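J.: model the following, please.
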Amino acid sequence: MKATHRIYALSIGLLGLGLISCSEDADPDVIGEGDVRIGMGVKLRSSANPGARMLNAGIEVKSGFLQIKKIELETEGLDDSGNNFEKELELKFKEIKKIDFNEFDSGVDFFINIPSGNYEEIEFDIDLIDNRNQPSIQLVGTYTYQDGRSVPMRFEVYGNDDDDFDFEVELESDDDDDLFFLDGVNNPLALFQIDAQGWFSTVSTSELEDAELTDGVILINKDVNKSIYGKVESRIKNSSDIELKMN
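T.: So this is what the prediction gives:
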């Protein structure tokens, strides 16, 4: 299964989405080469999409993680001589990158270095993978029954090299003819905000009320509570519940 999300960060640096210097206090991984250092962070969105139709109100997602196999970059723009260029880069960490996140974590998880220049488009293709008996994606939270009882909930996506979830993100100007300039002076922070709560928007209260418990936990994966898993999986694949903000 492959989930591809195309998210456009419109008018980077043109609509006041200011560029700020990234902190390296946590000494996150750095991949790629160049004098522009893009800080990449992942967090849960603090609330579901405004106006989103939720069939249940008892789900609360509190934390989770992604495991990244590699990042593929495709860039288009103009070089210093005014010539058009297109480049493809495959960036790998020294080992599988596990990123833990919650709604309060807006720090930098890793950096990507690219050359400075006038860009028409930068596309990130983030390949996820299982690792060390852990899933590619995990969400942890609680479900509160209608009678007031609460139980832990865990959602897991397991895959393999042939069946990964990929998150694809494109950065470009809102005008097809415009370029945006990146240099090594003001390094941007790209923050991926995941609306995991919204991934459960098509799951009904009755399904959760009747969900099977595993050691006191509502475990949701391809083998347990399959109907709920199928709806959430479909939502991940077919929606754009990931936002990218450039700061």
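J.: distance of Thr144 relative to Lys62?
T.: Distance of Thr144 to Lys62, given as Cβ to Cβ, to the nearest Å: 13 Å. Heads up, the C-betas are built off the backbone N, CA and C, glycines and all.
J.: beta partners of Glu88?
T.: Here Glu88 sits in beta bridges with Glu74, going by DSSP bridges.
J.: residues near it, how many?
T.: Other residues within reach of Glu88, judged by other Cβ atoms under 10 Å, total 10.
J.: next up, the contacts around it.
T.: Residues near Glu88 by Cβ atoms under 8 Å, 6 or more residues apart in numbering: 72-74.
J.: can you name the next helix or strand after the helix or strand of the chain with the lowest mean pLDDT?
T.: Least confident helix or strand of the chain, by mean pLDDT, DSSP states H and E, is strand 8-9 with a mean of 40. In the C-terminal direction, the helix or strand that comes right after strand 8-9 (DSSP states H and E) is strand 29-32.
J.: who are the packing partners of the longest helix belonging to the chain?
T.: Assignment by DSSP state H gives helix 226-238 as the longest helix of the chain. Under the contact criterion of 3 or more Cβ pairs under 8 Å, 6 or more residues apart in numbering; DSSP states H and E, helix 226-238 touches strand 150-157, helix 196-199, helix 205-209, strand 218-220.
J.: any idea of the pLDDT on the residue lying farthest from the centre of the chain?
T.: In the chain, Ser81 marks the outermost C-alpha relative to the chain mean, sitting 34.9 Å out by Cα atoms, centre = their mean. What the model reports for Ser81 is a pLDDT of 78.
J.: so it, which state does it fall into?
T.: coil (DSSP: H, G, I helix; E, B strand; the rest coil).
J.: from Ser234, how far out is it?
T.: Noted for Ser81: a distance of 47 Å to Ser234, by Cβ to Cβ.
J.: ok, now Asp210?
T.: Taking Cβ to Cβ as the criterion, Asp210 is separated from Ser234 by 20 Å.
J.: ok, these two, which is more surrounded?
T.: Taking neighbours as other Cβ under 10 Å, Asp210 and Ser234 compare with Ser234 leading, 14 against 11.
J.: give me the nearest residue to the more buried one, chain neighbours excluded.
T.: Closest residue to Ser234 apart from its sequence neighbours, by Cβ to Cβ, 6 or more residues apart in numbering: Thr202 at 7.7 Å.
J.: what values do phi and psi take at the one you found?
T.: phi -100, psi 0 (degrees, to the nearest 10).
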